[in-house]
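Novice: Make a model of this:
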Amino acid sequence: MNIWGRLAVAASVAWSASTAFALTDTSSRHGEPASVLASVDASSDARYVEHWIRAKGDDHGRPFVIVDKKAARIYVFGAGGGLVGMSHTLLGQSRGDIPVPGAGQKNPASLLPDERKTPAGRFDSQPGRNLHGEAVVWVDYDTGIAIHRVRPGQSQAQRLNNLATDDPDNKRMSLGCVVVPEPFFLSVVLPTLGHGHGTVYVLPEDEPVQAMFDDPRAGAAVAAHRPDAGGRVSVSVR
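Specialist: Sure, this is the predicted structure:
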């Protein structure tokens with residue numbers, strides 16, 4: 001087995017070790033929304049936003065995703081609110097929560113270092129394809145941000161290697177997209193989010209998470225881009 005094969009296996013094992021499958025009971029005995037993330041490896045920020053989503057009914061019965069940038073982890077929930085899976089993820093090389101205007105229209109190779117961000121906020125997701133015909137889940141089409149698998153190429157070996165580690169600082173490698181191991185993308189992301197609309201909550205890293213998600217109007221304001229991107233194709237694979 002060559003090095004890429006070994007690294008792919010390592011990333012797959014790291015994903016499998018941290019994956020939880022559908023939890024169907026999402027109601028507590030007292031009528032309060034149960035916290036699924038309370039029973040798994042998740043930060044207090046991720047748990048806070050999960051509770052906010054359930055308390056507000058903000059998912060509207062659709063699949064949803066929580067991306068915890070500080071921990072470099074992704075949590076995927078089904079339409080009933082059950083946790084389908086979780087994984088390490090790669091994120092934008094540049095820290096920050098607000099996208100640079102115009103960055104999404106650039107050729108990815110020409111992005112400046114401070115433009116390689118994963119923006120924070122609440123986004124309506126939609127499945128689509130990139131210019132190579134590969135399936136992706138668009139988080140914010142206008143800025144070219146998607147959830148996608150680790151792609152073949154010069155950086156593949158290093159990306160797989162870093163995904164297989166626990167250090168969040170090793171995960172700042174993408175041009176802005178949320179990049180996950182291929183087995184996780186194929187068996188969790190696509191079956192859950194690859195057939196229709198969903199919601200992606202990307203947690204901030206420059207401000208307290210409560211400032212973005214305490215007020216439902218704040219969550220709506222952050223997600224200014226809600227494109228109908230079904231079947232749309234973008235040059236940006238970041």
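Novice: and the nearest residue to residue 134 once chain neighbours are set aside, what does it touch?
Specialist: With sequence-adjacent residues excluded and distances taken as Cβ to Cβ, 6 or more residues apart in numbering, residue 134 is closest to residue 148, at 7.0 Å. Placement of C-beta: from N, CA and C, glycine included. Residues in contact with residue 148 (Cβ atoms under 8 Å, 6 or more residues apart in numbering) are 130, 134, 135, 136, 137, 177, 178, 179, 180, 185, 237.
Novice: Please tell me how far residue 148 sits from residue 54.
Specialist: 27 Å (Cβ to Cβ, to the nearest Å).
Novice: Next: residue 151.
Specialist: Where residue 54 is concerned, residue 151 sits at a distance of 34 Å (Cβ to Cβ).
Novice: Comparing those two, which shows the higher neighbour count?
Specialist: residue 54 (20 against 15; other Cβ atoms under 10 Å).
Novice: these two touch, right, that one and residue 81?
Specialist: Yes: taking contact to mean Cβ atoms under 8 Å, the distance of 6.8 Å between residue 54 and residue 81 places them in contact.
Novice: Just the buried ones from the contacts of residue 148, in PyMOL syntax?
Specialist: Entered in PyMOL, the line below selects the buried ones among the contacts of residue 148, by 16 or more other Cβ atoms under 10 Å:
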select buried, resi 130+135+136+137+177+178+179+180+185+237
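Novice: which of the contacts of residue 148 lies closest to residue 97?
Specialist: Sorting the contacts of residue 148 by distance to residue 97 puts residue 178 at the head of the list, at 14.0 Å, by Cβ to Cβ.
Novice: any idea which strand is longest in the chain?
Specialist: For the chain, the strand reaching the highest residue count under DSSP state E is reported as strand 121-130.
Novice: quick one: strands adjacent to that strand?
Specialist: Sheet neighbours of strand 121-130, with direction, are listed as strand 135-140 (antiparallel), strand 198-202 (antiparallel), strand 233-234 (parallel) (DSSP bridges).
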